[in-house]
Structure formats: C-alpha cells, structure tokens
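Asker: how does the following fold in three dimensions:
(one chain, ligands or ions: 1)
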Amino acid sequence: MEGKKVLLTRLFPELGANLLQEAGFEVTKWEHDKPMTQQEMLEAAKSHNALFCTLSDKIDADFIRANSHLDVISQFAVGYDNIDIPTATELNIPVGYTPNVLTDATADIAFGLMVATSRKMFYLHKSILKGEWTYFKPNANLGIELKNQTLGIFGLGRIGFEMAKRCQGAYNMNVIYHNRKANPKAERELNASYVSFEKLIKRSDVLSVHCSLTDKTKGLFNKGVFNKMKSNSIFINTARGLVHNETDLINALQTGEIWGAGLDVTNPEPMNPNNPLLQMENVSVMPHVGSGTVATRNEMVKLAANNIIEFYRNKRMPHAVNPEAIQH
Ligand code: GLV
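Answerer: The predicted structure is shown next:
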C-alpha cells in the first residue's frame with residue numbers, strides 16, 4: 001500500500017483513518033467543520049488514488065470523469081444515490097458501501113419517529129420551552145393509538161424488516177408491504193402481506209418508506225398519493241427526502257389528507273429552519289441521523305476502510321455496489 005493516497009472528504013470517526021494508516025496508506029483528512037466545496041473535492045481528488053466519501057458528496061459523472069484515475073470510491077453510507085454508478089463502472093472504478101451495520105439504528109429512528117409523531121412529542125417539548133405547560137388539560141395534547149393498526153412498508157429490505165418487527169412486537173401491528181419483489185422471509189416471520197402500491201397507500205395507518213432513491217422512487221410520494229392515504233395516517237420517511245414531494249406533504253398535512261409525518265430525511269437537506277413542517281403539532285423531524293450511534297458509525301467506518309484495504313490487498317471488495325468494475 002506504499003504510496004497509495006486516500007482522500008477523506010470530511011470528519012469521519014477516527015478509527016477509519018487509523019485502519020487505513022495501519023495498512024500503510026497515506027491519508028488526507030478534511031479537518032474543517034464544513035463540507036468541501038465541489039471544486040475543492042474535485043481538485044483534491046486529483047492527487048489521490050482512493051476517495052472515501054459520504055452521502056451528501058456529489059460524485060456525479062463530471063466528477064468521476066475528471067477523476068478517472070481513481071482506483072476506488074468508498075462510500076460511508078448504505079445509500080449511494082449521490083454516486084453515478086454507471087459512469088464509475090464504465091471507468092472500472094469499484095464503489096464500496098456500508099450495508100447491514102446500520103440496519104438496527106435506522107429502524108430505531110423510524111420506530112421512534114412513529115411513536116413521537118403519534119403522541120406529538122417534538123411539538124409538546126417545544127411548547128414547554130415556550131412556557132405553555134400551564135395546568136393538566138384532559139382534552140388537550142391528545143395523540144393517536146398505534147395498537148393493532150396497519151403498518152405499510154414501502155421497500156421491505158433489511159431496514160424495513162426491522163421496523164416491521166419492532167412495530168409488531170410493540171403494537172401487534174398488521175404488516176403489509178410493496179416491493180420490487182416479494183420478501184418471503186418477512187411473509188414467513190412477520191406474516192407480512194404483499195399488496196399493490198395502490199392498496200398500500202389506501203390501507204396503511206402508518207406508511208414507512210425504506211426504499212432507495214432511484215428514477216422510479218423520486219417524488220413518488222406526491223399530492224396524488226397523499227390524497228389517497230387515510231386521513232388518520234402517519235407518513236414516515238427515513239430513506240431519502242427526494243422520495244417525497246415536500247410541498248405536497250406540507251399541503252397534505254395542512255388540509256388533513258394525512259394526520260402526521262415523521263421525517264429523518266427532508267428535501268432539501270439541510271431543512272430550512274422556517275419550514276412550516278417544524279411548526280406542526282403532528283410532525284417530527286430529525287436531521288438525517290438514522291445511523292447515528294457511536295457503535296454503528298464505528299462499524300460503518302470500519303466497513304468503508306476495509307473496502308479500500310481489501311481492494312488493494314486482494315483485488316476484492318467485501319461490500320461493492322458494482323463488483324463487475326473490479327478488474328482481475
Ligand atoms: C444513510 O442515509 C445511509 O444511506 O447510510
């Protein structure tokens with residue numbers, strides 16, 4: 001690994017750089033408390049062999065073509081919609097990612113947002129700060145029950161499965177789902193039923209999005225969809241903000257087409273602090289922290305570093321998005 005240089009595009013858990021350095025790589029760390037600009041990243045990558053990046057770094061076709069000398073791109077995230085995979089593959093640049101290790105942490109946030117929304121927790125916390133806790137009011141601040149409700153999962157993969165398991169264990173929720181293909185494990189272990197997209201949106205009391213962002217899912221949850229959802233339903237998105245149309249979501253909540261929303265991802269990110277969603281009683285928003293526990297972030301950084309180390313050592317990548325790009 002002598003002479004191989006890795007560029008880390010922002011501050012990652014220290015373990016990542018340590019593992020790379022121990023393996024003999026020269027590591028450049030972006031140490032500032034702000035992301036690199038596109039131009040800074042584009043220029044810096046030119047003098048490196050490998051790029052260690054994350055979900056908000058724009059690794060588009062222009063970036064990859066300008067840096068076609070890169071041996072490998074290692075993404076610190078399970079989603080990789082920020083990377084132009086066909087271009088990387090065309091240029092034989094393998095792209096690594098970090099699946100599995102963040103499944104539980106992300107499902108916890110989806111579950112937590114559902115509970116918080118159903119009981120208006122974020123809003124009530126803010127009301128105390130405003131001095132609005134005056135006396136016990138039997139008719140005020142009432143939430144809705146989740147017990148025996150129908151949970152709809154859009155994109156039942158690893159994270160969707162864990163969300164469904166939590167909802168079943170805690171609230172005996174009936175699980176329905178819509179996917180590109182059936183998930184026999186979820187049907188067997190969670191008694192989940194596959195339904196059409198139309199049935200999913202019409203029947204769900206809680207609809208939780210766990211798909212990846214693709215041309216097909218971009219903007220999918222829009223006016224037409226919210227309009228068909230139950231008026232007592234809660235929309236949860238911990239996947240990617242671009243899967244929902246945020247203006248349509250705001251309207252759907254304002255007009256009572258749906259009851260509430262819990263979001264760990266927004267559109268755009270970061271969310272504008274004046275966004276009306278932040279003022280709504282039945283809305284809970286988190287700043288894209290699904291994988292944000294110490295243990296999970298350490299596991300992610302280990303996988304991402306290991307994808308680079310294994311690529312150079314053994315011409316293999318344990319978690320590659322495009323293994324076909326690894327030349328033998
Ligand atoms: C988080 O959003 C991830 O893709 O890891």
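
Asker: which pLDDT does the model give the residue of the chain most remote from its centre?
Answerer: Each residue of the chain has a distance to the centre, and by C-alpha atoms, centre = their mean the biggest one is for Y135: 39.2 Å. With respect to pLDDT, Y135 scores 97.

Asker: likewise the one 10 residues further on?
Answerer: The predicted local confidence for E145 comes out at a pLDDT of 98.

Asker: contact partners for the residue nearest to V321 when sequence neighbours are not counted?
Answerer: Distances taken as C-beta to C-beta, 6 or more residues apart in numbering put V95 closest to V321, at 4.5 Å, once the chain neighbours are dropped. No exception for glycine: its C-beta is placed from N, CA and C like everyone else's. With contact set as C-beta atoms under 8 Å, 6 or more residues apart in numbering, V95 has these partners: V72, I73, S74, Q75, Y80, I83, I85, A88, A320, V321, N322, A325.

Asker: any idea how far the ligand is from V95?
Answerer: Using C-beta to the nearest ligand atom, to the nearest Å, one obtains 13 Å as the distance from V95 to the ligand.

Asker: state the pLDDT value of that residue.
Answerer: Listed pLDDT for V95 reads 98.

Asker: cool, and H328?
Answerer: For H328, the model assigns a pLDDT of 53.

Asker: give me the neighbour count for T117.
Answerer: Using other C-beta atoms under 10 Å, T117 has 29 other residues around it.

Asker: which SSE is V6 in?
Answerer: strand 5-8 (DSSP states H and E).

Asker: got the buried residues for the following helix or strand past that strand?
Answerer: As assigned by DSSP H and E, the chain's next helix or strand after strand 5-8 is helix 14-22. Buried positions in helix 14-22, judged by neighbour count with 16 or more other C-beta atoms under 10 Å: G16, A17, L19, L20.

Asker: need the residues of this structure near the ligand, please.
Answerer: Contacts of the chain with the ligand, taken as C-beta under 6 Å from any ligand atom, map to L55, A77, V78, G79, L102, G290, S291.

Asker: tell me the one among those residues nearest to L151.
Answerer: L151 has its nearest neighbour among these in G290, at 17.7 Å by C-beta to C-beta.

Asker: quick one: residues contacting the residue nearest to the closest one when sequence neighbours are not counted.
Answerer: Spatial nearest neighbour of G290, chain neighbours left out: T106 (3.7 Å); criterion: C-beta to C-beta, 6+ apart. T106 is in contact with I159, E162, T238, D264, G290, S291, counting by C-beta under 8 Å, 6+ apart.

Asker: put the buried members of those into a PyMOL selection.
Answerer: Selecting the buried subset of those in PyMOL, with 16+ other C-beta under 10 Å as the burial test, is done by:
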select buried, resi 159+162+238+264+290+291
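
Asker: out of the contacts of T106, list just those in helices.
Answerer: Judged by DSSP state H, helices contain the following of those: I159, E162.

Asker: pull the most distant pair out of the contacts of T106.
Answerer: Most distant of the contacts of T106, by C-beta to C-beta, are E162 and D264, 14.4 Å apart.

Asker: next, the angle from the biggest helix by length in the chain to helix 14-22.
Answerer: Taking DSSP H as the criterion, the chain has its longest helix at helix 294-314. Here the directions of helix 294-314 and helix 14-22 differ by 20 degrees (axes from the mean of the first three to the mean of the last three C-alpha atoms, to 10 degrees).

Asker: which parts of helix 294-314 are buried?
Answerer: Under 16+ other C-beta under 10 Å, the buried positions of helix 294-314 are 296-312.

Asker: next: stretch 118-131.
Answerer: Those would be S118, R119, K120, M121, F122, Y123, L124, for stretch 118-131 by 16+ other C-beta under 10 Å.

Asker: what's the closest of these to the ligand?
Answerer: Nearest to the ligand among the buried residues of stretch 118-131 is F122, at 20.2 Å by C-beta to the nearest ligand atom.

Asker: which non-adjacent residue is nearest that closest one?
Answerer: Nearest to F122 is S284, by C-beta to C-beta, 6+ apart, at 4.4 Å.
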